[in-house]
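J.: coordinates for the following, if possible.
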Amino acid sequence: MNHDEIQTRLSALIDDELPADEAQALRAHLNDCMECREAYAAMLAMGTWIQRDAVMPMPPALAAQLTASLKPVAAIPMQNVKPATGPGKTRTWFWPGLTGLGGLLAGAALMFALLPLWQPQSDLLTQDLLAGHIRALQVDHLSDVISTDQHTVKPWFAGKLDFSPPVHDLVADGFPLAGGRLDYLQQRPVAVLNYRYRLHVIEVYAWPVAGKTAAGQTLQTRQGYQILGWQQEGMNMWAVSDLNGADLQRFAQLLKAAGGAGQRPA
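T.: The predicted structure follows:
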């Protein structure tokens, strides 16, 4: 099959609707084809967005704005509406609720267009982090450089990023380094470090801190995944994993200690 034929089958692959042999062949192709892998990742991201965001309640402020923009139309009994008749007249029907319906549809379209703008930036960030992690798991592309040696992983990023991410091996603590890759987040390239804990995968996204930093540690749960954010060595650090929250927090503290960071996590 060519690229177009394969990409038409990606939706069925995501929904587990393909025979096992065909699904295996498509996954093998995805490992070798960047174009199809990007199309597959885009479909996964869209599915994640629909499941996560399409059922979100409308923010109160947006609901008030839309309500104010829609003018109520008084209902007119149909028996009081007379069609135009007479010589030279064309019979025309008037439906008084059409204006209200059109306004409602326009308001609904506006709501879906503006809804992402009303989401808190912290929510958008964690959604992007989770989407990136799920894409990497789905296409089995967690690392561009596979190594347990921090002196191999850290130099690999040189020349690929405008910063040097902190890379530390925690094998002695049960969290061995597994590799790293590049991703795109918050409108910029970021480093992603991969760690393991038993059978669990931990991805750590890192990029430079910009602007005012916040104190405290952020731990969220989304779709069964834990997302933990902090700062160290001048970097925003966000870990995403299906590991339980307590162990993920312990991992973050060990990583901070390895970096000799004196600041509190954020």
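J.: give me the residues contacting stretch 20-32.
T.: Residues outside stretch 20-32 that contact it (C-beta atoms under 8 Å, 6 or more residues apart in numbering) are 6, 9-10, 13, 16, 18, 36-37, 40, 139-141. The way it works is simple: take the backbone N, C-alpha and C, and place the C-beta from them, glycine included.
J.: I misspoke; the intended subject was stretch 175-184.
T.: For stretch 175-184, the external contacting residues (C-beta under 8 Å, 6+ apart) are 132, 136, 141-150, 153, 156-157, 160-161, 165, 167-171, 189-197, 201-202, 205, 251, 254-255.
J.: so which of those sit within helices?
T.: Secondary structure from DSSP state H places 132, 136, 150, 153, 156, 251, 254-255 of the contacts of stretch 175-184 in helices.
J.: can I take it that E35 is in a helix?
T.: Yes. According to DSSP: H, G, I helix; E, B strand; the rest coil, E35 belongs to a helix.
J.: ok, it - contacts?
T.: Per C-beta under 8 Å, 6+ apart, neighbours of E35: H3.
J.: quick one on the thing from earlier: show the buried residues in the contacts of stretch 175-184.
T.: The neighbour count (16 or more other C-beta atoms under 10 Å) marks 132, 136, 142-145, 147, 150, 153, 156-157, 161, 165, 167-170, 190-197, 201-202, 205, 251, 254-255 as buried among those.
J.: how about the helices of the chain, start to end?
T.: Using DSSP H, the helices of the chain run over residues 3-8, 10-14, 20-32, 34-53, 60-69, 98-118, 121-138, 150-156, 245-259.
J.: about what we covered before: I'd like the ones in helices among the contacts of stretch 175-184 as a markdown table, with distance to A239 and pLDDT appended.
T.: As requested, the ones in helices among the contacts of stretch 175-184 are arranged in a markdown table below (distance: C-beta to C-beta, whole Å; pLDDT from 0 to 100):
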| residue | distance to A239 | pLDDT |
| --- | --- | --- |
| G132 | 12 | 90 |
| A136 | 14 | 89 |
| Q150 | 17 | 94 |
| V153 | 16 | 95 |
| W156 | 20 | 96 |
| F251 | 7 | 96 |
| L254 | 11 | 95 |
| L255 | 8 | 95 |
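J.: which of those residues lies closest to L185?
T.: For these, the residue nearest L185 by C-beta to C-beta is G132; the value is 6.5 Å.
J.: excluding chain neighbours, give the residue nearest to the closest one in space.
T.: Residue nearest to G132 in three dimensions, not counting chain neighbours: D183, with 5.3 Å by C-beta to C-beta, 6 or more residues apart in numbering.
J.: quick check: domain ranges of the protein?
T.: 1-58+95-119, 121-259 (automatic domain parsing).
J.: by mean pLDDT, show me the worst of these.
T.: Of all those, domain 1-58+95-119 carries the lowest average pLDDT, namely a mean of 66.
J.: ok, the closest residue in space to D247 that isn't next to it in sequence to G174 distance?
T.: The shortest distance from D247 to any non-neighbouring residue, by C-beta to C-beta, 6+ apart, is to Y197 (6.6 Å). Distance, Y197 to G174, by C-beta to C-beta, to the nearest Å: 6 Å.
J.: and the residue nearest to H200 when sequence neighbours are not counted, how many neighbours does it have?
T.: If the residues on either side of it in the chain are set aside, H200 comes closest to L243, at 4.5 Å by C-beta to C-beta, 6+ apart. Neighbourhood size, L243 [other C-beta atoms under 10 Å]: 23.
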